[in-house]
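Participant: sequence-free structure coming up:
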């Protein structure tokens, strides 16, 4: 069996490319103007974005979305398509879709993929594994709720905190040594000079420490 176009293109929703939308992850367009993505997660992500665009236009149920998404003019059986997605998702065609619910979004991704691409090869329950769908759904979440972004931010914050702590301890000891040795022989205003120079040094040290860690040196 030949691999379906959407699977080859990593575009399971068979989305036609629209340049004005500035799509992420697009690496090309095929001879029928279907987008080609660098990873299937991007194809699923843009499918989800398409559903959200429909909802902004008032197309918020399967009965309203599918005749626009897969119209009769493209040789689609709209009624059969709607019924297929209803059966697979358990969502009635007239139910308003909560596209911010990751469970609902994943069900829609799976159902539309199966209908667009046909049944997966023998022995497979789906075209993609659970982790692929999970990553695609995560991409659709606002940044503050994304597991990937949240993990990166927390990890970065911990890294900075550790570097600051290390540098602060080292700098404090060095400053103490310098103050004990030098300041008794300098005028009183000199402490401000040492403070300014010390702060600049701490900033540079923190930067250097973070740079070294990013390169795996510490």
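Facilitator: Sure, I can see it. Computed from a prediction, not measured in an experiment: that's the story for all the values here.
Participant: I'd assumed residue 53 was in contact with residue 69.
Facilitator: No. Look at residue 69 against residue 53 with C-beta atoms under 8 Å: they stay out of range, at 10.7 Å. Quick note: C-beta positions are derived from backbone N, CA and C, even for glycine.
Participant: between those two, which is the more surrounded one?
Facilitator: Regarding residue 69 and residue 53, a neighbour count based on other C-beta atoms under 10 Å identifies residue 69 as having more, with 22 against 11.
Participant: list the contacts of that one.
Facilitator: Residue 69 sits next to 50, 54 when contact means C-beta atoms under 8 Å, 6 or more residues apart in numbering.
Participant: over to it: give its phi and psi.
Facilitator: phi -70, psi -40 (degrees, to the nearest 10).
Participant: just the one 4 residues further on next, same as before
Facilitator: Recorded main-chain torsions at residue 73 are phi -60, psi -20, according to degrees, to the nearest 10.
Participant: what's the spacing between it and residue 67?
Facilitator: 10 Å (C-beta to C-beta, to the nearest Å).
Participant: next one: residue 105
Facilitator: Taking C-beta to C-beta, one finds residue 105 at 21 Å from residue 67.
Participant: show me which of the two is the more surrounded one.
Facilitator: In this view residue 105 and residue 67 are compared by other C-beta under 10 Å, and residue 105 has more residues nearby, 23 against 17.
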